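Chemist: Predicted model, plus sequence, below.
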Amino acid sequence: MFETNDAYGITIHLWEVLALPFYLLFIYLIADAVKRKRIEQNPFYKYYVWGIFAKIIGGISFVLIYLFFYPGGDTTAYFQSSLAMKNLFLSDFSSWVLNEFGSNSYEHFSLFTWDTSYPREYMYYDPKTYMVIRLVNPLLLFSFGSYLITTILLDWIIYAGIWRLFIVFSDHYPNRVKLFALAILFFPSVIFWGSGILKDTVTFSCTGWVTYCIHRVFILNRNKMRYISLLVINLLIILLIKPYIIIALLPGSLMWIFSSRISSMKNAALKFLIIPFITVIAIGLGSFLLSYLGSYMGKYSLENVFGTLIVTQNDLKQSYYHGHSFDIGLSDHPTEDEIVGKLPAAFVAGIYRPFLWESGNVVMFISGLENTLILILTITSIIQMNIVALFKKLLREPILFFALSFSIFFAFSVGISTANFGALVRFKIAYLSFFLCALFILIKRKDEEVELLKSSQK
């Protein structure tokens with residue numbers, strides 16, 4: 001007899017609690033073996049096991065809050081829809097194959113029965129949402145249909161991409177490993193909102209993989225075929241779930257790749273002459289790629305982005321999101337000039353809101369505390385470094401440019417299109433770690449320069 005798929009029928013059974021230690025032990029043994037194998041060559045692997053279990057604790061907390069504090073949400077709907085897919089796998093494998101790898105059509109939807117239960121229709125017929133269900137439902141075979149254990153297994157798998165992101169920054173700045181561990185592995189919002197069964201959890205991991213593969217292929221020139229394949233797979237997953245992330249990734253990625261070539265040149269005059277040329281090439285190539293991908297991006301393509309912005313913002317103000325709405329002052333039908341004028345307010349919203357006084361519950365209050373910390377770090381970095389010094393540093397350190405451009409562009413996009421704090425704190429995890437890493441690079445680097453100056457004066 002299969003599980004039912006009621007609106008609020010998900011719970012945690014006694015067998016799940018009893019089975020949980022065995023799953024955790026299995027994950028620990030594998031993680032510890034990986035750490036022991038790598039830690040001699042890479043000391044920062046001391047954070048590897050801690051990072052996994054921080055992610056798992058975040059997942060358990062996420063499950064408990066969405067089962068017993070919030071009245072369900074997208075995460076439970078994803079699980080219930082995945083549960084229907086798992087039931088279909090066990091009852092009619094050929095029908096599961098059609099739904100897993102075929103189109104999400106009415107014909108394929110009719111293959112579900114009352115015995116298997118049905119996926120949520122609004123999720124099934126949305127290709128981007130249904131992609132998450134395609135990815136998650138095989139895990140239910142190993143979790144025996146448990147929402148709690150499925151979440152933990154997903155966290156374990158997606159941690160691989162997050163760890164790769166940590167590796168990239170740690171390789172570039174080995175003296176800031178502790179700070180990067182905080183920004184990427186242990187920052188509360190990133191742990192919590194990046195540990196549930198959601199689009200953001202999957203795409204954040206894929207973004208980490210994309211960053212890692214760019215670093216391996218174009219910067220280090222290592223094992224190109226393997227990492228090109230991983231790069232394509234993760235870009236494809238992002239394109240199928242949240243294609244606008246690619247728009248945010250492109251400018252910084254291209255400049256990172258080209259700038260790394262420039263930085264290897266020894267002739268300073270040649271560097272100065274080639275930078276404008278490379279910039280034009282990067283902009284042109286980025287525009288071409290965005291135009292080429294337009295047919296895949298649909299409402300997120302460049303020609304449709306403003307209409308999508310209006311629809312998204314209005315939707316996020318609705319009461320069914322169970323959150324607090326806010327308004328940066330856009331009209332119901334904003335012009336391009338109006339949107340440009342609101343970019344500063346959008347950036348502030350995308351990075352620093354909700355403020356402490358805007359917190360409506362414990363989760364928002366914790367986010368408010370984090371945002372206060374980020375604001376203090378930002379002000380500190382501005383005080384320590386003038387614009388000329390920042391520009392020079394961006395030219396010298398392409399990965400810093402990549403992290404800043406990706407996070408700032410994404411923050412503008414989220415701030416301008418999001419009108420709900422509940423959605424805002426979730427969307428921020430895609431770029432928050434990048435922005436924190438950039439701040440830690442700027443602030444810590446300035447401290448080192450001061451220490452170097454003092455030592456040279458002795």
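Modeler: Arrived safely, thanks for sending.

Chemist: Need the per-residue pLDDT for the nearest residue to residue 149 once chain neighbours are set aside.
Modeler: Of all residues not flanking residue 149 in the chain, residue 143 sits nearest, at 3.8 Å (Cβ to Cβ, 6 or more residues apart in numbering). The way it works is simple: take the backbone N, C-alpha and C, and place the C-beta from them, glycine included. In this model, residue 143 is scored at 94, pLDDT.

Chemist: For residue 143, give me its contacts.
Modeler: Shown in contact with residue 143 (Cβ atoms under 8 Å, 6 or more residues apart in numbering): 149-150, 152-153.

Chemist: repeat for residue 379
Modeler: With contacts defined as Cβ under 8 Å, 6+ apart, residue 379 has no neighbours.

Chemist: Surely it is within a strand?
Modeler: No: assessed with DSSP: H, G, I helix; E, B strand; the rest coil, residue 379 is helix; it does not lie in a strand.

Chemist: Can you report how many residues neighbour residue 174?
Modeler: By other Cβ atoms under 10 Å, 12 other residues sit near residue 174.

Chemist: buried sites along stretch 65-75?
Modeler: Within stretch 65-75, the residues scored as buried using 16 or more other Cβ atoms under 10 Å are 65-67, 72-75.

Chemist: Make TSV out of the residues you listed and add secondary structure and distance to residue 100.
Modeler: Converted to TSV, the buried residues of stretch 65-75 look like this (DSSP: H, G, I helix; E, B strand; the rest coil; distance: Cβ to Cβ, whole Å):
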residue	secondary structure	distance to residue 100
65	helix	30
66	helix	25
67	helix	27
72	coil	25
73	coil	24
74	helix	20
75	helix	20
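
Chemist: which of those residues has the weakest pLDDT?
Modeler: pLDDT across these is at its lowest for residue 72, which sits at 68.

Chemist: Okay, buried residues for the host helix or strand of residue 234 please.
Modeler: For residue 234, the element it lies in under DSSP states H and E is helix 224-241. For helix 224-241, a neighbour-count test (16+ other Cβ under 10 Å) marks 227, 230-231, 234-235, 237-241 as buried.

Chemist: Where does pLDDT dip in the stretch 351-458 of the chain?
Modeler: Applying pLDDT under 70 to the stretch 351-458 of the chain flags the ranges 444-458.

Chemist: which residues of it fall in helices?
Modeler: 362-384, 387-396, 398-417, 421-427, 429-457 (DSSP state H, counting those that start in this stretch).

Chemist: just so I know, which of the ones you listed lies nearest residue 201?
Modeler: Nearest to residue 201 among these is helix 429-457 (8.3 Å), distances taken as Cβ to Cβ.
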